[in-house]
Structures are given as structure tokens and as C-alpha cells.
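1. dropping the sequence and predicted coords here.
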Protein chains: 2
Amino acid sequence: MGEWRQLMGKRVTIADVAREAGVSISSVSVALNGGPGVSEETRARIAEVARSTGWVPSVRGRSLSGNRAFALGLVLQRKPEVLEADPFFAGFIGGVESILERRDFALVLQLASSRSGMIDRCRRLALARRIDGMFLTDIRLRDPRIPLLAMLGLPTVAINAGPGCPFPTVRQDPEPGMRDLMAHLVGLGHRRIAHVSGGKGMIHSAQRLKAWRRGLDAAGLPHGPVVQGDFTSEGGSRAADELLSLPEPPTAVVCANDLTAIGFIARATEIGFHVPHQVSVTGYDGIQLGSFMRPPLTTLLTSPHGLGRAAAGLLLDLIDGKPVTDVEIQPASLIIRGSTAAPPA
Amino acid sequence: MGEWRQLMGKRVTIADVAREAGVSISSVSVALNGGPGVSEETRARIAEVARSTGWVPSVRGRSLSGNRAFALGLVLQRKPEVLEADPFFAGFIGGVESILERRDFALVLQLASSRSGMIDRCRRLALARRIDGMFLTDIRLRDPRIPLLAMLGLPTVAINAGPGCPFPTVRQDPEPGMRDLMAHLVGLGHRRIAHVSGGKGMIHSAQRLKAWRRGLDAAGLPHGPVVQGDFTSEGGSRAADELLSLPEPPTAVVCANDLTAIGFIARATEIGFHVPHQVSVTGYDGIQLGSFMRPPLTTLLTSPHGLGRAAAGLLLDLIDGKPVTDVEIQPASLIIRGSTAAPPA
DNA sequence: CTGAAAGCGCTTACAG
DNA sequence: CTGAAAGCGCTTACAG
């Protein structure tokens, strides 16, 4: 019956509910928002009418009068081909949604194809007042979105930001796991350990590169060669060509992420290098497919889902004006599988 | 200066623009929506003021008065672990966004953790009038969302729907490619060809199963064994255990998607079956990583991105009241790689 | 405890 | 060509 009314195009509004319950629309509003000043009896009657008519408050009306969009924004810039295999994107959104689902907030997603497009869409999303807050991911060195969002005054939560970011931040520390990984390789006997880096200018690329360097320093080893990657398997494949044609190729290669490692291994195998017996290869992310590779991938397990959950909770608190502090989720942890072994004698 | 006004909390509104331009707010509205009845001179003046103040119309006001949300909805149900490696999700969204980006529409994404949650969120999204239209993906046999959305009267576009779906549909035909795939296997000499199916009750699982059967029929071969899968690598791994322990194991296995095939190959290799020389394995989807497997995966190349583009265009037309017809994008096509070969003699 | 009124920022007929 | 007015569906002080 409620459904029936809805479907005939006669949308149920707060006025219908008020009329049917014999109260004013303000009483309906207060009753359903849990405000004080409505008797239990009236509240129950209103609730029953709302239920039976199938009324769902219009977010348009609520937004305009209440000055809240009931939505959070996520703007990403990705090349389509990178997005498909992206190890972060889907898990992060899943984590965010697991929190928003209960709060009846919506996630507004925008994918920009260019850097300037991303910045422009951030700006419009905020200025059009479509969202109450924003998630800032894939942060770059001197990211132009940081001053933009700060200036617009939009509540923002950063994910894995570097130091000096003015927004509350959710972090998963790469350091302990990377230290374990480097110790694992050094312990196996590796002395020439190379790195295939992540996308240029990304803060997480820089973090992983630094952690690799520190691991070498800690073991008193020289810094091996670094090849610029881009977080894709193609990049890993190219890096294999480059590193394995060196006069003294590395015996271990630390890749900036799993996709890179998978591409590296595929190409290394193709040109006749046995993984792990001639060259050990490691990833970063801990994607599910890593365990189905042959050899299965030694990697660091990250938690995009956990970051999403934490970020959503933090952003909602921030919007509600609650006091917030940065959140650290459990650090990425080493998973040793078959793609690492002792170097050739 | 425009930015400055915005940032001080004094949001620029249409009233500010009207005052500064010396016109009424209705003129501003008409001018910026490209309506007739404003002189070129006035329009230019208004545009200049809008630009210099940095005014972006509030979507809240526009939605309420204009009865449009300027947003489209996508509600998915996925287990978090499936979502991460999902071959469809990210590409589809990328395609949708490539169209929405130009039209200043937003994509509202909701991820439900349960079936009932998904249906409830569909309902609330529509009733709260948060969106103008909806994408219907992952359609099941007798999907309860179909009558729901039809009843609510929400413009909806279906993706790869079966016959009898009342909504305009975007399709990528699996038939020609599956026919080619089966012919490829039969041509190699395979006579015992098994199938690992997709998730239970999904329409695309049924389609691929049917296509496999038809291929066998066309070659006059008996239907090999079918193992129930679930579109995951774990499911493929379990299927390998089951099929390869048969008294007469199949010499070729057609998997419902690439993840399943990858899991199958990993497990088959582990228990001592050489792929492709003892058993050929095929996938479906054409994920990028398929070409980095060893052996690289024979599969059908699909286009989630193309489906997303087409679906977004169709849905926007539908909302605008334009006449629409179903759209067929180029069929999924066979890619022959190293995971298929002649059966053992 | 309850209701009438103003207002959120726009769009859309309708007069002039 | 331009403006004043009504209205979209709510929330929030403010009176009673």
C-alpha cells in the first residue's frame, strides 16, 4: 500500500505523513530525527504512519534545509588500464561502505582521466555542495589538492599522507614490514638487492624506496640499482629486461607492488632466469592472486579494507565536529612464499 | 578573489551573482542553463560575474527545485574478498565515469554485504530521491531488484540481462567468442572438455554454461563434467582437485572466468599436472594479469569499460526522455595464449 | 508537548 | 527581454 502510493508517482512526503498522523510536519521531522520534545505516544504514531506509507525522507529537502549532503566524496585519477587491476581501489571502497552502510551516507565516486580533471572535479564537488567530506588518496609530493581542500574548508581525511599534511590521517606503516622483508633477503644471503620503484611522485613510492634503502643501510650493503616503475605489470616486465641484462644482475629484486613483481617474474622466466633460484622477487600489497602465482609471491600484506573503514569513521567524526586524531592501523606484514630463496652459490 | 569569498564560509549563491550583475536571480538561472529569453549581453555579463566570483550552483537547490538529482546509482553486492580482484567492477565504473565526467553527473556507489542489504539500499536510494537512474549489474535468475525498480518507476539500464528484462539493456554477446573457443579446443583434438561454472544463480554463469554445452553439441561431443565454481581462484583450485582426480580426467577445462582459471592452473600444477600439455585451461574476461601468467591464459576478452560507457550513455538518454533501444557492444573475442595445447597423445 | 513560520538555493511558469 | 512569486521537501528556531 505504501509502495503502491510511491509507484503511482505520488511520492509520499513529510506533509502526507503529517496529515495522516494528524500532526504538523515539524513534529514529524523532530520525531524521526530523534529530537526531544515529542511525546512517546506521538512519536510511535508517526513512526507507524511513516512505516505504513513507506515514506523515506527526501535527501534533497534534507540537504537543503539541514545544510548537509549526507554523502562523502572520493576522487581518483587512474588510467583505465591501471584501474582494472588496482589493488587498492576496490578494497578501500569496500571498507568505506561497510561504515557508510549503517549511517545511510552515500559515497560519491569520481574518476578523472587527467590530473587537472581530478583537481577540477574535487573543486566542483565541494563547491556544488554535493558532499560533506572527502577522502584524499594517492597523495603526491606537493599535492595541489591539499591547499585546495584546505582553502575550501571541506572536511578531509588523508590516507597514508606524508608528514606536514594538514588533515587528519589514516596510516598503515610500511616500515616494520619492509624491515622484516629486507632482513629476510639479507638472511638468505643476498648482497645485490635491486628495487623497482612505484609511480613517479607518489608518496607511497617514496616511502617504499626509502624503506628499501634503510634495509640495505642496516645490513651494511651498498644500494643496488633502482629502476623507475609505475605500479603496473608492464613496468615490472620492462624492469626485468633492464636489471637482468646488467653485467652483474641483482640476486634479489624488491618491487614496489605485487603487479610489478608479477610482471617482473613473468619476463624473467621468459628470458631464462629461474625465480627464485636465480633471482628472488618480492611484491607489496598482498593481493589475493599473489598466492596463486607459480612461484607464489613473497610480499607485504596491506589492508585497503581496514584503511577504508578507519578513514570513513574518522571522516564522519570530523564532520560531526567530534575531536579526532590520526589513526594507525596494524602495519603491513611480511608474507614469505615461494618467490624468494637463497641466491645461487 | 572568488575563491577567497568561498573560503571564508560566505558561500557564493545565485543571489550574490544576481546582485553583482544587477539582474534578478531568475535571469541568472535562465542564463546559465542556456535557456532562451536572455539577451546575449546580459548572459555574458552574468557569466563573467559567475566566473569571477567562482560561483558553482548548489546541487541541493538545483535538485530540490528542478526535481533531478544529477546523480546515477550503482549498487553492488560483493564479498569484500571477491571485490578486490573483481574483473568487472573497476573497468565498468571507469567507463561510466568517462561519460559522466563531461555531464557533471555524479556516480553514487553503494556496496552491500548481503542480498537483502542490496535490495534495501536500492529501495532507499530511489525513494530518498538521491539518484535519477540506476545501473543494474550482476543480474540473477528472477532477480528481485527487477520488479522493485520497475515498481518504483526509476529509470534503469540493465547490463547483460537475460531475455524478459523490462529495462533497456547493454549487452556484450558471449556466444561468438565461446563458439570460437570451443572450436579451438576441439580443433586441437580435445574430446573430454569440462566446465567450471560461475556463481550460482547468476545470469552470466548460465550464459557461459549454455555456450559451453552448445559448443560440445556442435562438435558432437558428450557433455563433460561440470563443477560448480564461484568466480574466485579458490573455487578454481577446488575444481582442479575435483576434476583431476577423476578416473578419466578432462583434457581441457573451460572456466567461467579468469580468476577461476588461474586458481585451477595453480592447483593443477601443484598436484603434478602440466598445463597445457596434460590439461588445457581457459578463462573468460581477459584481465590484464592473464598475459603475465605462466603459461599465459587463453581467454575471451570482454570490455567492462565499453559496457560502462554504453550503459551511461543509455541511462542519460533514458532520463532525458529520449527514445532508446538496447545496445550491443562488440562481442567478447577469443585470445589464444599458452594455456591451451593439443591433448596428450 | 505541539504548531506556524521562515528559510535553505535553486527552477519554472507567469506577468509585465 | 526581465523580474516577482511560488514552490520543491525538509529543518530549525520560536511561540504558544
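-> Noted; the coordinates are in hand. Computed from a predicted model, the values in this text were never measured in an experiment. Residues are numbered from 1 along each chain as shown, chains lettered A, B, ... in the order given.
2. any idea how far A:A342 is from A:G189?
-> The gap separating A:A342 from A:G189 is 5 Å, by C-beta to C-beta, to the nearest Å. C-beta coordinates here come from the backbone N, C-alpha and C atoms, glycine included.
3. equivalent analysis for A:R129, please.
-> 60 Å.
4. residues touching A:S197, list them.
-> A:S205, A:R208, A:L209, A:V226, A:V227, A:Q228, A:G229, A:A256 (C-beta atoms under 8 Å, 6 or more residues apart in numbering or on different chains).
5. could you give the backbone dihedrals for it?
-> Main-chain dihedrals, A:S197, degrees, to the nearest 10: phi -80, psi 170.
6. for the contacts of A:S197, give me CSV that also has secondary structure, pLDDT and neighbour count.
-> Output for the contacts of A:S197, formatted as CSV (DSSP: H, G, I helix; E, B strand; the rest coil; pLDDT from 0 to 100; neighbours: other C-beta atoms under 10 Å in any protein chain shown):
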residue, secondary structure, pLDDT, neighbour count
A:S205, helix, 95, 21
A:R208, helix, 95, 23
A:L209, helix, 96, 17
A:V226, strand, 97, 16
A:V227, strand, 97, 20
A:Q228, coil, 97, 16
A:G229, coil, 96, 28
A:A256, coil, 97, 29
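7. Throw the residues you listed into a markdown table and include distance to DNA strand D, thanks.
-> Shown next, in a markdown table, are these (distance: C-beta to the nearest atom of the strand, whole Å):
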| residue | distance to DNA strand D |
| --- | --- |
| A:S205 | 43 |
| A:R208 | 45 |
| A:L209 | 48 |
| A:V226 | 54 |
| A:V227 | 55 |
| A:Q228 | 51 |
| A:G229 | 49 |
| A:A256 | 46 |
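8. what is the nearest of those to A:D180?
-> A:R208 (13.7 Å; C-beta to C-beta).
9. so that closest one is in contact with A:M178, correct?
-> Yes: when contacts are counted by C-beta atoms under 8 Å, A:R208 is listed as touching A:M178 (6.9 Å).
10. skipping adjacent residues, who's closest to A:L289 in space?
-> Using C-beta to C-beta, 6 or more residues apart in numbering or on different chains and skipping the chain neighbours, the partner closest in space to A:L289 is B:A85 (6.1 Å).
11. thought that neighbour was touching B:N257?
-> No: using C-beta under 8 Å, B:A85 is not in contact with B:N257; the gap is 10.2 Å.
12. and the residue in the stretch 101-250 of chain A that DNA strand D sits nearest to, how many neighbours does it have?
-> Closest contact between the stretch 101-250 of chain A and DNA strand D, by C-beta to the nearest atom of the strand, is at A:D104 (11.6 Å). Residues within reach of A:D104, counting by other C-beta atoms under 10 Å in any protein chain shown, total 15.
13. any idea where the helices of the stretch 101-250 of chain A begin and end?
-> A:115-127, A:145-152, A:175-188, A:203-218, A:233-244 (DSSP state H, counting those that start in this stretch).
14. in JSON lines, list those helices along with distance to B:L136.
-> Shown next, in JSON lines, are these (distance: least, C-beta to C-beta, whole Å):
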{"stretch": "helix A:115-127", "distance to B:L136": "25"}
{"stretch": "helix A:145-152", "distance to B:L136": "33"}
{"stretch": "helix A:175-188", "distance to B:L136": "41"}
{"stretch": "helix A:203-218", "distance to B:L136": "36"}
{"stretch": "helix A:233-244", "distance to B:L136": "32"}
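15. chain B is nearest to which of these?
-> helix A:115-127 (3.7 Å; C-beta to the nearest C-beta).
16. how close does A:I99 sit to B:R140?
-> To B:R140, A:I99 is 27 Å away according to C-beta to C-beta.
17. make that A:G34, sorry
-> A:G34 is 37 Å from B:R140, where distance means C-beta to C-beta.
18. quick one: which of these two has more around it?
-> Per other C-beta under 10 Å, whichever of A:G34 and B:R140 has more neighbours is B:R140, with 19 against 8.
19. dump the residue contacts of A:T302.
-> A:T302 neighbours (C-beta under 8 Å, 6+ apart): A:P87, A:Q172, A:Y284, A:D285, A:G286, A:A332.
20. now rank those residues by neighbours and give me the top one.
-> Neighbour max across the contacts of A:T302 (other C-beta under 10 Å) = A:Y284, 29 neighbours.
21. report pLDDT for that one.
-> Note for A:Y284: predicted pLDDT of 97.
22. got it, and A:I271?
-> pLDDT, A:I271: 95.
23. just A:S237 next, same as before
-> 98.
24. does it touch A:I265 like I think?
-> No: the criterion here is C-beta under 8 Å, and A:S237 misses it with A:I265 at 9.2 Å.
25. which neighbours do those two have in common?
-> Shared contacts of A:S237 and A:I265, defined by C-beta under 8 Å, 6+ apart, are found at B:F292.
26. compare those two (neighbour count), which wins?
-> A:I265 (29 against 21).
27. what about that one, which helix or strand?
-> helix A:258-270 (DSSP states H and E).
28. quick one, what contacts A:L243?
-> Counting by C-beta under 8 Å, 6+ apart, A:L243 touches A:A194, A:V196, A:P225, A:V227, A:P249, A:P250, A:V253.
29. where does it land on pLDDT?
-> Here the pLDDT value assigned to A:L243 is 98.
30. spatially nearest residue to it (excluding sequence neighbours)?
-> A:A194 (5.3 Å).
31. equivalent analysis for A:D258, please.
-> Sequence neighbours aside, A:G283 is the residue nearest to A:D258 in space, at 3.6 Å (criterion: C-beta to C-beta, 6+ apart).
32. distance of that neighbour relative to DNA strand D?
-> Applying C-beta to the nearest atom of the strand, to the nearest Å, the value for A:G283 to DNA strand D is 48 Å.
33. repeat for A:D86
-> Distance, A:D86 to DNA strand D, by C-beta to the nearest atom of the strand: 37 Å.
34. and that residue, how many residues sit next to it?
-> 20.
35. over to the nearest residue to it once chain neighbours are set aside: give its phi and psi.
-> What sits nearest to A:D86 in space, not counting adjacent residues and going by C-beta to C-beta, 6+ apart, is B:A90, at 6.0 Å. Phi and psi for B:A90, reported as degrees, to the nearest 10, are phi -70, psi -40.
36. who's in contact with B:A90?
-> Shown in contact with B:A90 (C-beta under 8 Å, 6+ apart): A:L83, A:E84, A:A85, A:D86, A:F89, A:A90, B:P304.
37. now with 6 Å?
-> B:A90 makes contacts with A:L83, A:E84, A:D86, A:F89, as judged by C-beta atoms under 6 Å, 6 or more residues apart in numbering or on different chains.
38. name the SS class of the third one, please.
-> Three states are possible here, and by DSSP: H, G, I helix; E, B strand; the rest coil the one that applies to A:D86 is coil.
39. sounds good, over and out.
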